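Visitor: sequence unknown, structure follows:
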């Protein structure tokens, strides 16, 4: 039940296909996501800075090789990369 005017601390924990939901530090739900895609990517452009941001997620246990289609967008030959594991 949601109370009007109250602030909640919500957290979603994803471990592979297992998804656990927390409200105010207490587990409020859990399910197994059977529709997990092993690989996903999305590209956006920050209009304020002109930066092209490419987010790639590999949900597999092994490395993956992919091609990225920027839809004809011209970019510099180098980029900054941040890797989270």
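Guide: Alright, I've got the coordinates. Because the structure is predicted, anything quoted here is derived from the model rather than measured. Numbering: from 1, shown residues only.

Visitor: for the protein, which segments are assigned as strands?
Guide: 10-15, 18-23, 26-32, 39-45, 52-58 (DSSP state E).

Visitor: can you tell which of those strands is closest to residue 78?
Guide: Go through these one by one with CB to CB and the one that ends up closest to residue 78 is strand 52-58, at 12.4 Å. No exception for glycine: its C-beta is placed from N, CA and C like everyone else's.

Visitor: centre of the chain versus the closest one, how much separation?
Guide: 9 Å (CA atoms, centre = their mean, to the nearest Å).

Visitor: stretch 23-42 too?
Guide: In terms of CA atoms, centre = their mean, the centre of stretch 23-42 is set 11 Å apart from its chain centre.

Visitor: now tell me which of the strands of the chain the model trusts least on average.
Guide: Among the strands of the chain, strand 39-45 carries the lowest mean pLDDT, a mean of 85.

Visitor: list the helices and strands that one packs on?
Guide: Here strand 39-45 is seen to pack against strand 52-58 when contacts are counted using 3 or more CB pairs under 8 Å, 6 or more residues apart in numbering; DSSP states H and E.

Visitor: the strand it packs on packs against which elements?
Guide: When contacts are defined as 3+ CB pairs under 8 Å, 6+ apart, strand 52-58 packs onto strand 39-45.

Visitor: which residues make contact with the strand it packs on from outside it?
Guide: 51-60, 64, 66, 68, 70-71, 73 (CB atoms under 8 Å, 6 or more residues apart in numbering).

Visitor: switch to 6 Å and redo it
Guide: Residues outside strand 39-45 that contact it (CB atoms under 6 Å, 6 or more residues apart in numbering): 52, 53, 54, 55, 56, 57, 58, 64.

Visitor: wait, which of those is closest to residue 24?
Guide: The shortest gap between residue 24 and any of the contacts of strand 39-45 belongs to residue 57, at 28.0 Å (CB to CB).

Visitor: nice, that's everything, thank you.
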